[in-house]
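Student: structure for this input, please:
(2 chains)
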Amino acid sequence: MGMIIEPHEVFFGSFLERFNMRFGPALPAGLSVWHSGGIAEIAALQQEFEIFREGRPFLQSAALLGLTGPHGGPANDRWIEYLTRLPRMRSDIDGVNGDERIVRAIVENLKRDTPLPCYMRAYDGRTREPGLVIVAEDHPVFYLESVTFLTISLPMRPAQPRAARAARPRPQAGTRAPRRRKQAS
Amino acid sequence: MVARAAGGDLDPAQVHARIAEYYTQKVKAFGSTPLGVDWTCQPTQEMRFVQLLKLCDFSAPFSINDLGCGYGALAAFMHRRHGACAVDYLGIDLSGEMVRRARRRYRMHGGTRFATGSASPRAADYSVASGIFNVQLDVSAADWDAFITTTLQHLAATSQRGFAVNFVAAPPDGQRVKRGLYTTPPGRWVEYCANQIGADVQLIDGYGMHEFSLLVRRRPAV
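Tutor: The predicted structure follows:
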């Protein structure tokens, strides 16, 4: 029954981890090292190259930072596919899609004198309205409870089995939004 | 080739061979990308270039040697960011595989050349070397120290106006570093360049990385 699904095809935690490592708390200034690494590095890169900017998809900026490959195989492909859907998702701010919400929040955060470290996580999308990207300042890591993060919560839901998809009621004729035709350029 | 400095037991050619093999394997695994030269991504790679190129005066044409050039990312960066300035660029790398890929990338670019080796075959206005002192592998501390000093002396001898290098900063006490990664406090090499090479040294840090860059300028003749 079913397909040959390997664990490495569905576990995406390493991609979130990669983001969280790069955007994590910076090393505090010490005797021989200045405030560096983590969010301090990202802030410096942003100041020099403006990696995150309005109008540029989050996926593109993430790719520039090496957060979308080359490791991961099928799971990496699914992760990239997920990120391409962000512009079609909603967010916790009315009229702002999921992609814009993340990019704007990161841009604003990196403008601060002391940017917050960022933390990306998945949440069970069935618990909220579908496809809702949430950004908040909170304490998502219990063992770093004194550190405030800019937390980006991405909705995810279990894949529906093929049988369940087939049993789903299909929209009646005339009720579906008309599909746009591609314009020849 | 670079002359052998006192202090090391390993033949410099053996040190160079190990480095060449390491980077050859990297570029074979990851191609002509930042990962292929052991950097995390293009922005961090180019952030280092930004610091090193603070040495150069882009208001007039100049020549530059890029020691440890890899696949030639610095040439592309200079062309993109400082394209208005005519630069005579020579990239040198220990890895023949790197140089082969660099030549293929820039075969249509005049003023951009590459050579395989451990030292520059010519003198230039400036020299830069990004990240070449970081990957120590299993080379002993004494041999690595000798490698750095001989390379700095070579850079000084082949740079008419100055040279720029970078290092990974030593972490705060008690923190571990990756095995095979060379780290150092800035003072050691600031003093070396000032006292042994007799140059003016500018320390650049605080650009978000656990690193620092040294801009080493030739002192004006009295």
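
Student: report the central residue of chain B.
Tutor: B:Ala129 (1.5 Å; C-alpha atoms, centre = their mean).

Student: now whatever residue of chain B ends up closest to chain A: closest residue in space, sequence neighbours ignored.
Tutor: Ranked by C-beta to the nearest C-beta, the top residue of chain B for proximity to chain A is B:Gly208, at 2.8 Å. Where C-beta positions appear, they are placed from N, C-alpha and C, glycine not excepted. Using C-beta to C-beta, 6 or more residues apart in numbering or on different chains and skipping residues adjacent in sequence, the residue nearest B:Gly208 is A:Ala44, 2.8 Å away.

Student: quick revisit: list the contacts for the residue nearest to the centre of chain B?
Tutor: B:Ala129 makes contact with B:66-68, B:151, B:155, B:163-166, according to C-beta atoms under 8 Å, 6 or more residues apart in numbering or on different chains.

Student: and the longest helix seen in chain B, how far from the chain's centre?
Tutor: Taking DSSP state H as the criterion, chain B has its longest helix at helix B:12-30. Relative to the centre of its chain, helix B:12-30 is centred 15 Å away, using C-alpha atoms, centre = their mean, to the nearest Å.

Student: and chain A, is the following helix or strand past that helix touching that?
Tutor: Downstream of helix B:12-30, the next assigned helix or strand under DSSP states H and E is helix B:42-52. Yes. Applying C-beta under 8 Å from any C-beta of the partner chain, one finds helix B:42-52 touching chain A at B:42-44, B:46-47, B:50.

Student: okay, buried residues for the longest helix along chain A please.
Tutor: Ordering each helix of chain A by length in residues (DSSP H) puts helix A:98-111 first. Within helix A:98-111, the residues that count as buried by 16 or more other C-beta atoms under 10 Å in any protein chain shown are A:98-107, A:109-110.

Student: again, but for stretch B:176-190
Tutor: For stretch B:176-190, by 16+ other C-beta under 10 Å, it's B:182-184, B:186, B:189-190.

Student: also stretch B:69-85?
Tutor: B:69-79.

Student: in helices, which of these appear?
Tutor: Per DSSP H, those map to helices at B:73-79.

Student: show me where chain B has helices.
Tutor: B:12-30, B:42-52, B:73-81, B:96-105, B:141-157, B:186-191.

Student: oops, could you answer that again for chain A instead?
Tutor: A:7-10, A:13-22, A:38-49, A:58-64, A:73-84, A:98-111, A:162-167.

Student: let me have those in a markdown table, extended by distance to B:Thr112 and mean pLDDT.
Tutor: Formatted as a markdown table, those follow (distance: least, C-beta to C-beta, whole Å; pLDDT from 0 to 100):
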| stretch | distance to B:Thr112 | mean pLDDT |
| --- | --- | --- |
| helix A:7-10 | 41 | 61 |
| helix A:13-22 | 32 | 89 |
| helix A:38-49 | 23 | 96 |
| helix A:58-64 | 24 | 96 |
| helix A:73-84 | 33 | 86 |
| helix A:98-111 | 34 | 98 |
| helix A:162-167 | 55 | 61 |
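
Student: and the ones you listed: which comes nearest B:Gln136?
Tutor: Checking the helices of chain A against B:Gln136 by C-beta to C-beta gives helix A:38-49 as the closest, at 22.3 Å.

Student: and the closest one, what does it pack against?
Tutor: helix A:13-22, helix A:98-111, helix B:42-52 (3 or more C-beta pairs under 8 Å, 6 or more residues apart in numbering or on different chains; DSSP states H and E).

Student: let's see that with 10 Å instead.
Tutor: helix A:13-22, helix A:58-64, helix A:98-111, strand A:118-124, helix B:42-52 (3 or more C-beta pairs under 10 Å, 6 or more residues apart in numbering or on different chains; DSSP states H and E).

Student: how about the residue in chain A that chain B sits nearest to, what does it touch?
Tutor: Distance from chain B to each residue of chain A (C-beta to the nearest C-beta) is smallest for A:Ala44, at 2.8 Å. Listed by C-beta atoms under 10 Å, 6 or more residues apart in numbering or on different chains, the contact set of A:Ala44 reads A:26, A:35-36, A:110, B:43-44, B:47, B:50, B:206-209.

Student: out of these, who's nearest B:Asp9?
Tutor: Nearest to B:Asp9 among the contacts of A:Ala44, with distances taken as C-beta to C-beta, is B:Met209, at 32.1 Å.

Student: my guess is the closest one meets A:Gly37, correct?
Tutor: Yes. Using C-beta atoms under 10 Å, B:Met209 is in contact with A:Gly37, at 7.0 Å.

Student: near chain A, anything from the top strand by length along chain B?
Tutor: If you go by DSSP state E, chain B has its longest strand at strand B:159-169. Yes. Strand B:159-169 is in contact with chain A by C-beta under 10 Å from any C-beta of the partner chain, via B:168-169.

Student: contact residues of chain A facing chain B?
Tutor: A:18, A:22, A:26-49, A:51, A:61, A:63-67, A:69-71.

Student: would you write a PyMOL line that selects the buried entries of these?
Tutor: Command for PyMOL, covering only those of these found buried under the criterion 16+ other C-beta under 10 Å:
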select buried, chain A and resi 18+22+26+27+32+33+34+35+36+37+38+39+40+41+42+43+44+45+46+49+51+61+63+64+65+66+67
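
Student: show me which residues of chain B sit near chain A.
Tutor: Residues of chain B lying near chain A (C-beta under 10 Å from any C-beta): B:29-31, B:33-35, B:39-47, B:50-51, B:168-173, B:175, B:183-187, B:205-212.
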